[in-house]
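> Quick one, what's the 3D model for this:
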Amino acid sequence: MRSTQPRRLGLTSALALAFALVMALFGSVPTASAADPAPADLTFTSDSTTTTPGGTVNLSMTITNHRTYDVWFVYQTIEPTWLTTQRPDLKYTFSGCILATAAGSVPCSGTGPTNLGPNYGSTIPPGQSRTVTLTLQVAADSGCNGNIGFYSYYYAEFSDSTSTSGGPAYTPETRVLCA
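Numbering: from 1, shown residues only. This is a model prediction of the structure:
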């Protein structure tokens with residue numbers, strides 16, 4: 001009886017050799033490494049992790065352009081996390097919005113839960129960032145001993161007609177403490 005093992009080994013060797021030849025002729029496709037930055041990214045910081053009913057916390061959002069082309073357009077949403085929505089006694093609103101510019105801070109609009117992108121101002125040049133600070137106002141009659149947190153998705157278009165999207169990016173949680 002004839003063994004089929006040498007034939008299988010021969011077919012496997014032939015396929016491996018063919019693959020190696022194709023890779024040598026055409027080169028391999030480069031892959032993105034884990035160290036490659038995203039075309040743009042969104043980060044959040046907070047000036048405080050705690051507040052009391054009636055208090056405020058400033059949430060700063062920074063979008064950074066890692067590409068070699070300008071960011072022309074940004075669309076961004078901000079929504080409460082699921083755990084935040086499970087505490088109906090926590091009462092809050094965004095009461096202010098400031099865009100940091102080279103000439104100083106200027107008021108911005110769009111402090112509601114959607115379309116925060118226009119707040120970043122006009123173009124964001126390559127390698128630069130824009131920071132918008134939202135003031136989170138906790139109502140005086142808010143419940144306490146709960147956390148308020150948000151998440152955000154964004155979409156950015158570049159001057160070379162490419163785009164990127166990202167998220168969710170999470171804000172630091174704010175703990176509402178009893179006084």
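> So which residues of the chain form strands?
With strands called from DSSP state E, the chain shows them at 40-46, 50-51, 56-65, 71-80, 92-101, 104-107, 129-138, 146-148, 150-158, 163-170, 174-176.
> Please name the strands paired to the shortest one in the sheet, noting orientation.
Each strand that pairs with strand 50-51, with its direction, by DSSP bridges: strand 174-176 (parallel).
> In TSV, list the strands of the chain along with distance to Q86 and mean neighbour count.
All C-beta spots, glycine's among them, are computed from the backbone N, C-alpha and C. Below are the strands of the chain laid out as TSV (distance: least, Cβ to Cβ, whole Å; neighbours: other Cβ atoms under 10 Å):
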stretch	distance to Q86	mean neighbour count
strand 40-46	21	18
strand 50-51	19	18
strand 56-65	20	20
strand 71-80	10	19
strand 92-101	14	16
strand 104-107	33	10
strand 129-138	17	20
strand 146-148	9	19
strand 150-158	14	20
strand 163-170	16	15
strand 174-176	14	22
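> In CSV, list those along with mean pLDDT and distance to G121.
Putting these into CSV (pLDDT from 0 to 100; distance: least, Cβ to Cβ, whole Å) gives the following:
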stretch, mean pLDDT, distance to G121
strand 40-46, 92, 15
strand 50-51, 96, 28
strand 56-65, 93, 10
strand 71-80, 87, 10
strand 92-101, 85, 6
strand 104-107, 82, 8
strand 129-138, 90, 6
strand 146-148, 94, 27
strand 150-158, 91, 13
strand 163-170, 91, 19
strand 174-176, 95, 26
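> Y120 is nearest to which of these?
strand 129-138 (4.2 Å; Cβ to Cβ).
> Pairing partners for that closest one, with directions?
When DSSP bridges is applied, strand 129-138 pairs with strand 56-65 (antiparallel), strand 92-101 (antiparallel).
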